[in-house]
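>>> Here's my sequence, what's the structure:
(chains A and B)
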Amino acid sequence: MEMHEFIPIDIFCSRHGVETSFVNSLQEFGLIEISLHNEMECIPISQILHAEKLIRLHNELAINLEGMDAISNLLERIHQMQTRIVALENRLLFYEPSA
Amino acid sequence: MSFIDYYEVLGINKKATEDDIKKAYRKLARKLHPDLNPNDKDANKKFQQINEANEVLSDPLKRKKYDQYGENWQHGEEFEKARQSQSRTANAGAQNFSGDFNESDFSDFFGSMFGGSGSSGRTSKAKFRGQDYNSELKLTLLEAFTTHARTLTINGKNIRLTIPAGIENGQTIKLNGYGSKGMNGGPDGDLYIRFLIENDPTFRRLANDLYRTVDIDLYTAVLGGDIIVDTMHGKIKMKVKPETQNDSKTRVKEKGFPVYKKEGSFGDLYITYHIQTPTNLTEKQKELFAELASLSK
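From the prediction side, this is the model:
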């Protein structure tokens, strides 16, 4: 993969005002992925929004790592359920257009 | 513009200590934070209200002013000017209570009471993520069939959006950072666009499959033959099998709806045959049908 698909952890941490150890803890909890590129620890671009959300939850709501893990799982389940509801509503509309 | 009871917003009484305010705010923020309530307009609105209440009540100067004027907030600025003018000689250089945060995210009431230039005297401010915006976009089935660009105007800002083919009715897409501006350096909110796809008079859609009814005449249904059918991909030639029954269905592979974000991949088209019984028969035709009927007995 190309280097521009990753952001070095130290740049990410300085931009968001968090310690590198915090980002490493996120990885240890399986909340984000970290990979090694040119001997630098990096976060994939695809993970940035998720990582930023976790930082906000931690900073603004004082949620610890266990809490963030639980919240991430529940939000994923909500997302899956919302997708399922949309699919079921469309199925209902197909058979009962006036519903 | 009406008076906002910030104590009520946070569910506390007027004697609440700084610690009580902090606890009440934290508790509500955990419940209403936009990251925990994606695409929830009510939660986002309430979150802005508790932020506003917290911004005022957690700042001793703002709280004092708010408590002092209460429901007479409309006259607060006038009272303030008069009071400052009286005490100017004795208290030269005193700061007023105006805030310097982003007022656009707060209520008109807040703007009237605390808006303007100057400093609140606070040294540190919490960063807040901007409010999310929600919007709905109507598409015809034909528009949802192809990937196309649209320019939307949201709060005076033009946003060019590429809508991928195969988008579902009710599906929501998120545009990061297109919501309201963040406060005190916080990140901008997001824009959620929900797509509403209008019913089509010819085609009905179920996930990636399309359904339509095609009229065929009795003779083609009985004897079989070729027909031309309009699909969303264009006209196609189809063979009708002899002795086709009314309401029978046939599947045309990969002539359905595009699969979302899977270019070149399509659902199927299901055709239901509706057999039209001939009308205005001639005498000769009636005789032949009668003969046919007697042969069938």
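>>> and stretch B:172-185, C-alpha only, in PDB?
This file holds the C-alpha atoms of stretch B:172-185, laid out as PDB (Å, rounded to 0.1, in the frame of the first residue of the first chain):
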ATOM      1  CA  THR B 172     -28.500   8.000   4.400                       C
ATOM      2  CA  ILE B 173     -25.000   9.200   3.400                       C
ATOM      3  CA  LYS B 174     -22.700  11.200   5.600                       C
ATOM      4  CA  LEU B 175     -20.600  14.100   4.300                       C
ATOM      5  CA  ASN B 176     -17.900  14.700   6.900                       C
ATOM      6  CA  GLY B 177     -17.300  18.300   8.000                       C
ATOM      7  CA  TYR B 178     -20.200  19.800   6.100                       C
ATOM      8  CA  GLY B 179     -22.300  20.500   9.200                       C
ATOM      9  CA  SER B 180     -22.100  23.500  11.500                       C
ATOM     10  CA  LYS B 181     -18.700  24.900  12.500                       C
ATOM     11  CA  GLY B 182     -17.100  23.500  15.600                       C
ATOM     12  CA  MET B 183     -16.800  25.700  18.700                       C
ATOM     13  CA  ASN B 184     -13.500  26.800  20.100                       C
ATOM     14  CA  GLY B 185     -11.500  24.800  17.600                       C
END
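>>> touching chain A at all, that stretch?
Yes. Using CB under 8 Å from any CB of the partner chain, stretch B:172-185 comes into contact with chain A via B:Asn176. Any C-beta I mention is one placed from the backbone N, CA and C, and that applies to glycine too.
>>> do the same with stretch B:207-225
Yes. Stretch B:207-225 lies within reach of chain A by CB under 8 Å from any CB, at B:Ala207, B:Tyr211.
>>> Could I get the average pLDDT for that stretch?
What stretch B:207-225 shows for mean pLDDT is 96.
>>> what do you get for stretch B:48-62?
90.
>>> Close to chain B: what parts of chain A are there?
So chain A meets chain B at A:49, A:52-53, A:56-57, A:59-63, A:71, A:75, A:79, A:86-87, A:89-91, A:93-94, A:97 (CB under 8 Å from any CB).
>>> Show the buried residues in those residues.
Listed as buried from those are A:52-53, A:56-57, A:59-61, A:63, A:71, A:75, A:86-87, A:90, A:93-94; burial here means 16 or more other CB atoms under 10 Å in any protein chain shown.
>>> biggest separation within those residues, which pair?
For those, the farthest-apart pair by CB to CB is A:Asn59 and A:Phe94; their separation is 45.1 Å.
>>> Can you find the residue of chain A that comes nearest to chain B?
A:Val86 (4.1 Å; CB to the nearest CB).
>>> confidence score at that residue?
91.
>>> any idea how far it is from B:Lys27?
Distance of A:Val86 to B:Lys27, computed by CB to CB, to the nearest Å: 32 Å.
>>> and what of A:Pro44?
Applying CB to CB to A:Pro44 and B:Lys27 gives a distance of 35 Å.
>>> Likewise for B:Leu141?
For B:Leu141 relative to B:Lys27 (CB to CB), the value is 46 Å.
>>> ok, now B:Lys249?
From B:Lys249 over to B:Lys27 (counting by CB to CB), the distance is 57 Å.
>>> So which of those two has more stuff around it?
Per other CB atoms under 10 Å in any protein chain shown, whichever of B:Lys249 and B:Lys27 has more neighbours is B:Lys27, with 14 against 11.
>>> ok but that one is inside a helix, no?
Yes. Judged by DSSP: H, G, I helix; E, B strand; the rest coil, B:Lys27 forms part of a helix.
>>> Next one: it relative to A:Leu61, how far apart?
Distance from B:Lys27 to A:Leu61, by CB to CB: 10 Å.
>>> Close to chain A: what parts of the stretch 101-250 of chain B are there?
Counting by CB under 8 Å from any CB, the stretch 101-250 of chain B sits next to chain A at B:126-129, B:168-171, B:176, B:187, B:199, B:204-207, B:211.
>>> Any of those residues buried? List them.
Neighbour counting over these (16+ other CB under 10 Å) leaves B:126, B:128-129, B:168-171, B:187, B:204-207, B:211 as the buried ones.
>>> Go through the residues you listed and flag which are in helices.
Among those, DSSP state H puts none in helices.
>>> Going by contacts, tell me the helices and strands next to the longest helix seen in chain A.
Counting by DSSP H, the longest helix found in chain A is helix A:65-95. Contact here means 3 or more CB pairs under 8 Å, 6 or more residues apart in numbering or on different chains; DSSP states H and E; on that basis helix A:65-95 packs against helix A:20-28, helix A:45-61, strand B:204-206.
>>> From B:Arg212, how far off is B:Arg251?
12 Å.
>>> what is in contact with the two at once?
B:Leu269, B:Tyr270, B:Ile271 (CB atoms under 8 Å, 6 or more residues apart in numbering or on different chains).
>>> In three-state terms, label the last one for me.
This means B:Ile271. Applying three-state DSSP: B:Ile271 is strand.
>>> and B:Lys23, that's in a strand?
No. Looking at B:Lys23 with three-state DSSP, it is helix, so not inside a strand.
>>> What is the neighbour count of it?
14.
>>> Tell me the pLDDT of it.
90.
>>> again with the one 3 residues further on
Turning to B:Arg26, the model gives it a pLDDT of 88.
>>> so where's chain A uncertain?
A:1-4, A:99 (pLDDT under 70).
>>> what residues are up against the residue nearest the centre of it?
Among the residues of chain A, the one closest to the centroid is A:His50, at 2.5 Å (CA atoms, centre = their mean). A:His50 is in contact with A:Leu31, A:Ile32, A:Ser72, counting by CB under 8 Å, 6+ apart.
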